[in-house]
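> Have a look at this fold, sequence not included:
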């Protein structure tokens, strides 16, 4: 695997996409292979969606250490970066590929977890506690659909899994070690512009079921604050629509399709704000939502 | 001389994808993404009636690219609508250029075409008042460093780009199609005289001037490197207007009238060489007679253009490719400015590039 990665390239099926990945950088190959260990490798019978290469680069300031560069189809969106940080940058690069090109989906900045076929979106900008909460949900036996992107397939109103590694920042690294004792966490990178960062290998079960979509049932907007009173604040559908639209990467690009898909999602899902101080308490609240019978179990085709 | 480039090959002959293996598709898609031509490529393949034979994953990428292009088109149409309110309805005549004109004229080539900004032309003597009018309607001159601002005012044929306060759209306001210091100086009055009205009351260049403008933009004003999109524009314009009885007979005379036979010669030459555009033999002969450069220039241009025009994936980039781009970059400025200011300008730009901060990661 390492040799293919460093030589002709490796094709990995990651969620609905096939990435063709290449890199001569040993450290990155090791980190990446660790975090993506369970993902299926495909043969050359299907056309890949993204062709990615992380190569060594000549930086503008050689005295700052060896640099590297992320390439996707001849475009280098991240500039040069220190080679020892290749893994976090590669992950950001893959994010860039998805939100720049995958407009067949309505894409939200959101973590997604699922239980019994029903999915919860944990939507919000960086720093709102998505990943932390995501880890707490995994500890409660929920399935990981995604840590970064909610991919909504417009015609069917289903969320497609893309269970890439969870990007743990700061104290959530310790939290993940505590809550998920059997999990595998990669190297800790420090300092990046987002503080310390480590990647949690997605649970093998989540990767195995990555072709299995889920129905959106809850839309949650977590906000983390030390002194927050942890609770679920119900949101009206209209407010939920507007909040979720703010977290959508390509709402304006999809025109009517985007409006219809978002409306349908909001129609079928309950919306809540979720201020929280401790992820454990917040995850218990979300779990309690799943305990209840669904209030509205409309067939998805109903308008 | 034809470079071995799949994107060019498919634009020239879309049926060639029938024999494509997975690896060919991947190279084609990568080149199309680089050149921002994915959606146009998909229409080219669809028009040839072979979209059904395209692999599923390729089709998905086509769908996604078309969605982006369509949203760009909607935004473009809305900008034109707002420009009408700001200018035409206030009595300032305005010519739509390039993408905006193709879209408003309903040309088939506008399908899937994306443009980063909107280009319009206004009479030079109204430039100041037009700028004030646009500022009053929310367009703001982009912040430039003092050197670039002076460069625009002194050497350019357009105002510094303007950005709309709320919508973020970028507008280029031209008063002619080439810098006043350029070696070629077409008279803008000729463009205005033969401009054609569009359905919504705006105006655009007549077909011959439209094609000439692309040729000039690519081979006189632009850096050529990465200009494959412009060459596709030129070739599609020729294909579309070939049916008009006036287009081919008027093309070279119109170029001669404006003094633009050299860029026209290049555009015709490379459109037929690289994209397989079919140009009537009489027009080729006329263009050669009027605009053919000397033998050494031609001998130099062919390899430079064929190398630099096409999108090259990083692994295919050779020192020759780099050198070709550099030569064409210098050439584009050589055609634009007198030698001494040019030398100072390039030195200053090279200095800025060397020592400016590295682009921030996003």
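Now that the structure is in, tell me what you want to look at. Remember, it's a predicted structure, so these values are computed and weren't measured experimentally.
> list the contacts for the residue of the stretch 151-300 of chain A found nearest chain B?
The minimum distance from the stretch 151-300 of chain A to chain B, using Cβ to the nearest Cβ, falls at residue A:253 (4.2 Å). All C-beta spots, glycine's among them, are computed from the backbone N, C-alpha and C. Contacts for residue A:253 (Cβ atoms under 8 Å, 6 or more residues apart in numbering or on different chains) come out as A:103, B:67-68, B:71.
> how close does it get to residue A:154?
Note on residue A:253: its distance to residue A:154, by Cβ to Cβ, to the nearest Å, is 12 Å.
> Tell me which helix or strand the residue nearest the centre of chain B sits in.
Centroid-nearest residue in chain B, with Cα atoms, centre = their mean: residue B:230, separated by 3.9 Å. Element membership for residue B:230 (DSSP states H and E) is helix B:228-241.
> now for that helix, which elements pack on it?
Contacts defined by 3 or more Cβ pairs under 8 Å, 6 or more residues apart in numbering or on different chains; DSSP states H and E place helix B:228-241 against helix B:6-12, helix B:207-216, helix B:261-275.
> Any idea which of the ones you listed gets closest to chain A?
Smallest distance to chain A across those (Cβ to the nearest Cβ): 11.2 Å, for helix B:6-12.
> tally of neighbours for residue B:345?
Per other Cβ atoms under 10 Å in any protein chain shown, the neighbour tally for residue B:345 reads 16.
> any idea how far it lies from chain A?
As for residue B:345, its distance to chain A is 22 Å (criterion: Cβ to the nearest Cβ, to the nearest Å).
> same question, residue B:34
4 Å.
> how many neighbours does that residue have?
21.
> Could you tell me which ranges of the stretch 201-350 of chain B sit under the pLDDT cut-off?
Residue ranges of the stretch 201-350 of chain B with pLDDT under 70: none are present.
> Which single residue of it approaches chain A most closely?
Taking Cβ to the nearest Cβ, chain A has its nearest neighbour within the stretch 201-350 of chain B at residue B:313, 5.0 Å off.
> Let me see the contact set for the closest residue to that residue other than its chain neighbours.
Nearest residue to residue B:313, sequence neighbours excluded (Cβ to Cβ, 6 or more residues apart in numbering or on different chains): residue A:74, at 5.0 Å. Residue A:74 makes contacts with B:30-31, B:33-34, B:311-314, as judged by Cβ under 8 Å, 6+ apart.
> want to throw those residues into JSON lines with secondary structure?
Below are the contacts of residue A:74 laid out as JSON lines (DSSP: H, G, I helix; E, B strand; the rest coil):
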{"residue": "B:30", "secondary structure": "helix"}
{"residue": "B:31", "secondary structure": "helix"}
{"residue": "B:33", "secondary structure": "helix"}
{"residue": "B:34", "secondary structure": "helix"}
{"residue": "B:311", "secondary structure": "coil"}
{"residue": "B:312", "secondary structure": "coil"}
{"residue": "B:313", "secondary structure": "coil"}
{"residue": "B:314", "secondary structure": "helix"}
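> And the buried ones among those, selectable in PyMOL?
Here is the PyMOL command that selects only those of the contacts of residue A:74 that count as buried (16 or more other Cβ atoms under 10 Å in any protein chain shown):
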select buried, chain B and resi 30+31+33+34+311+312
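> CSV for the contacts of residue A:74, including distance to residue A:52?
As requested, those are exported to CSV (distance: Cβ to Cβ, whole Å):
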residue, distance to residue A:52
B:30, 11
B:31, 16
B:33, 12
B:34, 14
B:311, 17
B:312, 17
B:313, 12
B:314, 12
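> Now do the strands in the stretch 201-303 of chain A.
For the stretch 201-303 of chain A, the strands defined by DSSP state E, counting those that start in this stretch cover A:215-224, A:233-234, A:270-276.
> Who are the packing partners of the last one?
For strand A:270-276, the contact count by 3+ Cβ pairs under 8 Å, 6+ apart identifies strand A:215-224, strand A:233-234, helix A:237-246, helix A:279-291 as packing neighbours.
> Give me the contacts around it.
Applying Cβ under 8 Å, 6+ apart, the contact partners of strand A:270-276 are A:129, A:133, A:217-225, A:228-237, A:239-240, A:243-244, A:282, A:285-286, A:289, A:295.
> circling back: for residue B:305, see how far away the residue nearest to the centre of chain B is.
According to Cβ to Cβ, residue B:230 and residue B:305 sit 12 Å apart.
> what does residue A:145 give?
Distance from residue A:145 to residue B:305, by Cβ to Cβ: 49 Å.
> When the two are compared, which one has more neighbours?
Comparing residue A:145 with residue B:305 by neighbour count (other Cβ under 10 Å), the higher total belongs to residue A:145, at 30 against 25.
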